[in-house]
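>>> okay, structure incoming, though there's no sequence with it:
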Ligand SMILES: [Zn+2]
């Protein structure tokens, strides 16, 4: 999920908001101010409903953020990195890199989110009860009661046992613990996600057809999202399974041809490119990787400027390279193969460049594995 706006960092993790949150914010704040609150608690001025609706929507999103931040903090405590937290159309996502090392860690990371939502719901429920006891059931009570209900609903929905929901992670952890097979557990919980997705689509469409317009469509939309995400998770699990146990050192091209960062583009094209058939060349300085030049980058330099342009000026710079070691598992490297190094990673040992991993190295590894296990590459 891409963030359209950055809000800052919480617990060291960048927090962003996708523009689609605006849609939900307007739906929630508008629905509360114009429909729910005036209907349930009549007799207030229009601005009071608007203020209560907007404040409740803001607090709802803060609760959603607290839910995701709690996942992120517990994931970090269990040795995982968290890429970013993004709020979007269907709530929030904490993008966690890598996998929990045991079912217990999985339970802690997945369970904390719904627990936080539950606590927030209970706190607002108690606050609403106190307000009802000492004063009357007015607009303030209404906003508190709505916040209690929505956070409790969030907690309950999220523990439904279906990936990619938190409950799907809990199911995966339980099955993993039971059978000792993480891949089987992940595929089972992804299948449960498909079933839940299909059920929500069916119920949503039925509601829509029997008169509950927007609510039904919304449910169907959530179901459709779950269906797609669960399918993607199953495919991802199978691909990861095909590469389990393969290390970077097994697939890398060792001792790649390197070039000097001070060479000109013209020299590079006339000499290095003629001698080697590679499409990417690491730049090294005393054996250390300092950049990466790809043919695409060379092509962008106009012919007349090739003489005066140095390779270091067009290379993917050192701080943006994807670096790895021969010992790293390929499945851990794959999610990091993005950015300016064009799907390639430089392999480093003792600060010295020892190899390069390209997309063709990876697909070759997948095919070899598939051949050895007797499955077609398309099925891995
Ligand atoms: Zn969650």
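Arrived safely. No experiment lies behind these values; they were computed from the predicted model shown.

>>> how close does residue 263 get to the ion?
For residue 263, the distance to the ion (C-beta to the ion, to the nearest Å) stands at 51 Å. All C-beta atoms are positioned from the backbone trio N, CA, C, and that covers glycine.

>>> oh, that last question was meant for residue 93, not what I typed.
Relative to the ion, residue 93 is positioned 9 Å away (criterion: C-beta to the ion).

>>> name the helix or strand for the most centrally placed residue in the chain, please.
When the chain is reduced to its mean C-alpha position, the nearest residue by C-alpha atoms, centre = their mean turns out to be residue 95, at 3.4 Å. Using DSSP states H and E, residue 95 sits within strand 91-97.

>>> so in that sheet, which strands flank that strand, and in what orientation?
Using DSSP bridges, the neighbouring strands of strand 91-97 in the sheet come out as strand 81-88 (antiparallel).

>>> for the partner strand, buried residues please.
Across strand 81-88, burial judged by 16 or more other C-beta atoms under 10 Å covers 82, 84-88.

>>> give me the contacts around it.
Around strand 81-88, the neighbours that count as contacts under C-beta atoms under 8 Å, 6 or more residues apart in numbering are 1-3, 10, 13-18, 20-21, 61, 64-65, 68-69, 71-72, 75-76, 92-98.

>>> of the residues you listed, buried ones?
Using 16+ other C-beta under 10 Å as the burial test, these include 3, 13-18, 21, 61, 64-65, 68-69, 71-72, 75-76, 92-96 as buried.

>>> which of those fall within helices?
Taking DSSP state H as the definition of helices, those contribute 21, 61, 64-65, 68-69, 71-72, 75-76.

>>> what's the closest of the buried residues of strand 81-88 to the ion?
Relative to the ion, the closest of those is residue 85; by C-beta to the ion it sits at 10.8 Å.

>>> which strand or helix spans the residue in the chain positioned nearest to the ion?
Closest residue of the chain to the ion, C-beta to the ion: residue 113 (3.1 Å). Of the helices and strands defined by DSSP H and E, residue 113 is found in helix 103-134.

>>> just checking, what packs against that helix?
helix 46-77, helix 139-158, helix 166-179 (3 or more C-beta pairs under 8 Å, 6 or more residues apart in numbering; DSSP states H and E).

>>> thinking again about what came up before, please name the nearest non-neighbouring residue to the residue nearest to the centre of the chain.
Using C-beta to C-beta, 6 or more residues apart in numbering and skipping residues adjacent in sequence, the residue nearest residue 95 is residue 83, 4.0 Å away.

>>> next, residue 355: phi, psi?
Recorded main-chain torsions at residue 355 are phi -180, psi 180, according to degrees, to the nearest 10.

>>> for it, which residues are in contact?
By C-beta under 8 Å, 6+ apart, the contact list for residue 355 reads 248-249, 252-256, 326, 346-347.

>>> can we see that at 7 Å?
Residue 355 makes contact with 252-256, 347 under the criterion C-beta atoms under 7 Å, 6 or more residues apart in numbering.

>>> around the ion, which positions in the stretch 51-200 of the chain sit nearby?
Remark: the part of the stretch 51-200 of the chain in contact with the ion comprises 113, 166, using C-beta under 5 Å from the ion.

>>> if we use 6 Å, what do you get?
If contacts are counted using C-beta under 6 Å from the ion, the residues of the stretch 51-200 of the chain sitting beside the ion are 67, 71, 113, 158, 166.

>>> one step back: confidence score at the residue nearest to residue 95?
At residue 83 the predicted local distance difference test score is 85.

>>> can you spell out which helices and strands pack onto the helix or strand where residue 221 lies?
If you go by DSSP H and E, residue 221 is part of helix 213-242. Using 3 or more C-beta pairs under 7 Å, 6 or more residues apart in numbering; DSSP states H and E as the contact definition, the elements that helix 213-242 packs against are helix 182-209, helix 359-372.

>>> that helix: which residues count as buried?
Across helix 213-242, burial judged by 16+ other C-beta under 10 Å covers 216, 218-220, 222-223, 225-227, 229-230, 233-234, 237-238, 240-242.

>>> ok, residue 349 to residue 164 distance?
As defined by C-beta to C-beta, to the nearest Å, residue 349 lies at a distance of 37 Å from residue 164.

>>> more neighbours: the two, which one.
For residue 349 and residue 164, the more surrounded residue by other C-beta atoms under 10 Å is residue 164, and the numbers stand at 18 against 12.

>>> got the contact list for the more buried one?
Contact partners of residue 164, counting by C-beta under 7 Å, 6+ apart, are 193, 229-230, 233.

>>> and if you look at residue 127?
By C-beta under 7 Å, 6+ apart, the contact set of residue 127 is residue 144.

>>> mind checking pLDDT for it?
pLDDT, residue 127: 97.

>>> bridged to residue 14, which residues?
Going by DSSP bridges, residue 14 forms beta bridges with residue 9.

>>> is it true that it touches residue 6?
Yes: with contact defined as C-beta atoms under 7 Å, residue 14 counts as touching residue 6 (6.4 Å).

>>> ok, now how distant is residue 100 from residue 161?
From residue 100 across to residue 161, the span is 17 Å (C-beta to C-beta).

>>> and for residue 262?
From residue 262 to residue 161 the distance is 59 Å (C-beta to C-beta).

>>> when the two are compared, which one has more neighbours?
Under the criterion of other C-beta under 10 Å, the comparison of residue 262 against residue 161 puts residue 161 first, with 20 against 11.

>>> my read is the more buried one is in a helix, agree?
No: judged by DSSP: H, G, I helix; E, B strand; the rest coil, residue 161 forms no part of a helix; its state is coil.

>>> now do the contacts for it.
Contacts here follow C-beta under 7 Å, 6+ apart; on that basis residue 161 touches 167-168, 170-171, 192.

>>> not counting sequence-adjacent ones, nearest residue to it?
In space, not counting the residues next to it along the chain, residue 161 is nearest to residue 171; the distance is 4.1 Å by C-beta to C-beta, 6+ apart.
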